[in-house]
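here is my input; please provide its structure:
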Amino acid sequence: MEEELLIKITSTIEQITHKKVDKFDMNANIRDQLALDSMQMVQFFSLLEMEMDKELPLSLMNAQTANEFVCLLKRE
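Residues are numbered from 1 along each chain as shown. This next block holds a predicted model:
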């Protein structure tokens, strides 16, 4: 499941940034690593909900790294 989730996260980020995500550090800050502004983070969250076909808890928006995001999502 984790690999599938990472593919969805990467695909969603590529849609928002219009850039290919070749290297992604799972432990780095998502916003800093990808230079996402707050609107892009909201868009990322919204698109990921659509991609996963479920409502995600707002607490996920506080995740700083991809690893943290995945861990929180697995708990849901």
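
and stretch 27-41, average pLDDT?
When pLDDT is averaged over stretch 27-41, the result is 86.

and it, how far out from the chain's middle?
Chain-centre distance of stretch 27-41: 9 Å, with Cα atoms, centre = their mean, to the nearest Å.

buried stuff in that stretch?
30, 33-34, 36 (16 or more other Cβ atoms under 10 Å). Quick note: C-beta positions are derived from backbone N, CA and C, even for glycine.

again, but for stretch 2-19
5, 9, 12-13, 16.

packing partners of the helix or strand harbouring E3?
If you go by DSSP states H and E, E3 is part of helix 2-17. Judged by 3 or more Cβ pairs under 8 Å, 6 or more residues apart in numbering; DSSP states H and E, the packing partners of helix 2-17 are helix 38-52, helix 66-75.

need the contact list for K20.
K20 makes contact with E14, according to Cβ atoms under 8 Å, 6 or more residues apart in numbering.
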